[in-house]
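Undergrad: just coords:
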């Protein structure tokens, strides 16, 4: 799941959450700050909502002051390929929690792998990459 926040000049605009609501990547920056926090009631979020989170079990929840502008539920391979065809320029973030990226482009249609979710090949990489490691450009 991807949560996109309204831009108020903050260093993060998008969070990628796993199925448990844990932030596994923050884009374009601040993964080191936000990774591993738990978003409360993540499945119920809608555009306009303010995100509540906690850093650890038992900790009092806190709230992000930037409204959600868009939620992307998990994409299937065909839907991803329709939105982002071969040749689409993107940034590939090899390491979750690190702000370093590689500019590249998509070179195959997406497909679903049993344990890895939806993956594609990108230019310059020898193995398929999870689409949640990609941010489209342009």
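TA: All right, it came through fine. Note that this is a predicted model, so its numbers are computed, not measured.
Undergrad: where along the chain do the helices fall?
TA: Here the chain has its helices, by DSSP state H, at 31-34, 77-83.
Undergrad: now for these, which one comes closest to residue 89?
TA: helix 77-83 (13.7 Å; CB to CB). Backbone N, C-alpha and C define where each C-beta goes, glycine included.
Undergrad: what about residue 84, neighbour count?
TA: Neighbour count for residue 84, taken as other CB atoms under 10 Å: 20.
Undergrad: Quick one: residues contacting it.
TA: 90, 106, 110, 134, 136 (CB atoms under 8 Å, 6 or more residues apart in numbering).
Undergrad: Return the member of these nearest to residue 20.
TA: Using CB to CB, those come closest to residue 20 at residue 134, 21.7 Å.
Undergrad: Tell me how far the residue nearest the centre of the chain lies from residue 62.
TA: What sits nearest the mean C-alpha location of the chain, by CA atoms, centre = their mean, is residue 16, with 3.0 Å. In this view, residue 16 and residue 62 are 19 Å apart by CB to CB, to the nearest Å.
Undergrad: Mind giving me the packing neighbours of the helix or strand of the chain with the lowest mean pLDDT?
TA: Every helix and strand of the chain was ranked by mean pLDDT, DSSP states H and E. The lowest is strand 111-113, at a mean of 86. Counting contacts by 3 or more CB pairs under 8 Å, 6 or more residues apart in numbering; DSSP states H and E, strand 111-113 packs against strand 117-120.
Undergrad: Burial check on residue 60, number of neighbours?
TA: Neighbour number of residue 60 under other CB under 10 Å is 6.
Undergrad: is the residue lying closest to it once chain neighbours are set aside in a bridge, and if so with what?
TA: Closest residue to residue 60 apart from its sequence neighbours, by CB to CB, 6 or more residues apart in numbering: residue 54 at 7.2 Å. For residue 54, the residues forming beta bridges with it (DSSP bridges) are residue 38.
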